[in-house]
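*Asks:* Just need the structure, nothing else, for what follows:
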Amino acid sequence: MYMYGDEQRKGRPQMAEEILNREGIVKDFREFIDSIQALIQERTSELNS
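*Replies:* From the prediction side, this is the model:
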């Protein structure tokens, strides 16, 4: 018997980005990731020098 919600469990899970987009968080999250990547690059270049 088909139950509502089966396709959510068995099918493609809703993409996190779709969910975040609705909340308007994605842009901030991208900026957050970019700042972390910049920090890592700074630290790496400090170690290499």
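*Asks:* His43: helix or strand, and which one exactly?
*Replies:* His isn't right for residue 43; it's Arg. helix 26-48 (DSSP states H and E).
*Asks:* What residues sit buried inside that helix?
*Replies:* For helix 26-48, burial by neighbour count (16 or more other CB atoms under 10 Å) applies to no residue. All C-beta spots, glycine's among them, are computed from the backbone N, C-alpha and C.
*Asks:* which strands and helices sit next to it?
*Replies:* Counting by 3 or more CB pairs under 8 Å, 6 or more residues apart in numbering; DSSP states H and E, the packing neighbours recorded for helix 26-48 are helix 16-23.
*Asks:* In this structure, where is pLDDT below threshold?
*Replies:* Across the chain, the ranges flagged by pLDDT under 70 are 1-17, 19-21, 23-26.
*Asks:* where's Glu46 relative to Ile40, distance?
*Replies:* Per CB to CB, to the nearest Å, Glu46 is found 11 Å from Ile40.
*Asks:* and what of Lys27?
*Replies:* 21 Å.
*Asks:* Same question for Asp28.
*Replies:* Taking CB to CB, one finds Asp28 at 19 Å from Ile40.
*Asks:* Asn48 too?
*Replies:* 12 Å.
*Asks:* now do Arg22
*Replies:* From Arg22 over to Ile40 the distance is 29 Å, taken as CB to CB.
*Asks:* what about dumping the CA coordinates of the helix holding Arg43 to PDB?
*Replies:* Below are the C-alpha coordinates for helix 26-48, written out as PDB (Å, rounded to 0.1, in the frame of the first residue of the first chain):
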ATOM      1  CA  VAL A  26      22.800  29.900   1.100                       C
ATOM      2  CA  LYS A  27      24.500  33.300   0.300                       C
ATOM      3  CA  ASP A  28      25.700  33.700   3.900                       C
ATOM      4  CA  PHE A  29      26.900  30.100   4.000                       C
ATOM      5  CA  ARG A  30      28.900  30.500   0.800                       C
ATOM      6  CA  GLU A  31      30.600  33.600   2.300                       C
ATOM      7  CA  PHE A  32      31.300  31.600   5.400                       C
ATOM      8  CA  ILE A  33      32.900  28.800   3.300                       C
ATOM      9  CA  ASP A  34      34.900  31.400   1.300                       C
ATOM     10  CA  SER A  35      36.300  33.000   4.500                       C
ATOM     11  CA  ILE A  36      37.300  29.600   5.900                       C
ATOM     12  CA  GLN A  37      39.100  28.700   2.600                       C
ATOM     13  CA  ALA A  38      40.900  32.000   2.700                       C
ATOM     14  CA  LEU A  39      42.000  31.400   6.300                       C
ATOM     15  CA  ILE A  40      43.300  27.900   5.300                       C
ATOM     16  CA  GLN A  41      45.300  29.400   2.400                       C
ATOM     17  CA  GLU A  42      46.800  32.000   4.700                       C
ATOM     18  CA  ARG A  43      47.800  29.400   7.300                       C
ATOM     19  CA  THR A  44      49.200  27.100   4.500                       C
ATOM     20  CA  SER A  45      51.300  29.800   3.000                       C
ATOM     21  CA  GLU A  46      52.600  30.800   6.500                       C
ATOM     22  CA  LEU A  47      53.700  27.100   7.000                       C
ATOM     23  CA  ASN A  48      55.300  26.900   3.600                       C
END
